[in-house]
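Q: predicted model and sequence below, questions to follow.
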Amino acid sequence: MFCVWGIPFLLSDGNFAFSQEVTVSNVSFSMRDSDVVVHYDLNGPADGNYQVRLILRRESQSFFKMFPKDIEGDVGTGAFSGRNREIVWRLYEDVPHGLDGDDYYFEVNAALQRVEKGGGASWLYYVGGALVAGGAVVYFGTDLFKKSGGSQLPTPPLRP
C-alpha cells in the first residue's frame, strides 16, 4: 500500500484499488474423491473484483509454503465476495505421491482490485521511467569517469 496526496492505494497486477477492508474467514477443507475442496467466506464489497490465492501450510514446519497449481473455482481474479466459496484442488495432479503427515492447513488470501478508469497504473510506469532516465543522465553526464581516469585500471602494487 502507498499514499498519493494522503489517499491510500493498493497496487496489484498493475491496477489501482482504493484500500478497503477485505477479510477471509471460515477456511476449512474436505476431500471429495481424490480432490481437496477448500471452503471459505470472503467479506468485502459485493461489486468488487478480487485476487484470491490459495496457500498450503504446515503446522510443524513454519517455513513450509506450497502454492497449488491445479486448482479451479473461486480462485484467481474474479467477483468472489460472499459466503460458501469453494476452491477445488486436484491434489494428485500437483503431488502424484500425496503428502505425508496430517498437520497441513490452507491459507486463503484475498485482495480487492478495482480498476480506475483512465489507464490505471500506466502513468506510474511513465513517471518511474522518467526518473530512472533522468538519474542516468545526471550520473553519466557528470565528470565521474574523467576524474577516475576513464575505464583504465590502476597498476597493481609491486610484489615484495
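A: All right, it came through fine.

Q: for the chain, which spans come out with low pLDDT?
A: By pLDDT under 70, the weakly predicted segments of the chain are 1-20, 114-154.

Q: which stretches of the chain form helices?
A: Taking DSSP state H, the helices of the chain run over residues 91-94, 122-141, 144-147.

Q: the closest residue to Glu107 other than its chain neighbours: neighbour count?
A: Closest residue in space to Glu107, ignoring its immediate chain neighbours: Ile55 at 4.2 Å, by CB to CB, 6 or more residues apart in numbering. In short, each C-beta sits where N, CA and C put it, glycine included. By other CB atoms under 10 Å, 14 other residues sit near Ile55.

Q: now swap in the one 5 residues further on and tell me
A: Around Ser60 sit 9 other residues, with neighbours defined as other CB under 10 Å.

Q: what do you get for the one 5 residues further on?
A: The local packing of Lys65 (other CB under 10 Å) involves 11 other residues.

Q: ok, the closest residue to it other than its chain neighbours to Tyr104 distance?
A: Nearest non-adjacent residue to Lys65, counting by CB to CB, 6+ apart: Ile55, 5.7 Å away. Distance, Ile55 to Tyr104, by CB to CB, to the nearest Å: 11 Å.

Q: strands of the protein, start to end?
A: 2-4, 7-12, 15-18, 23-32, 35-43, 49-58, 61-66, 71-73, 76-78, 82-89, 104-113 (DSSP state E).

Q: got a markdown table for those strands, with distance to Pro157 too?
A: What follows is the strands of the chain, written out as a markdown table (distance: least, CB to CB, whole Å):
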| stretch | distance to Pro157 |
| --- | --- |
| strand 2-4 | 49 |
| strand 7-12 | 51 |
| strand 15-18 | 57 |
| strand 23-32 | 63 |
| strand 35-43 | 65 |
| strand 49-58 | 55 |
| strand 61-66 | 47 |
| strand 71-73 | 62 |
| strand 76-78 | 61 |
| strand 82-89 | 63 |
| strand 104-113 | 57 |
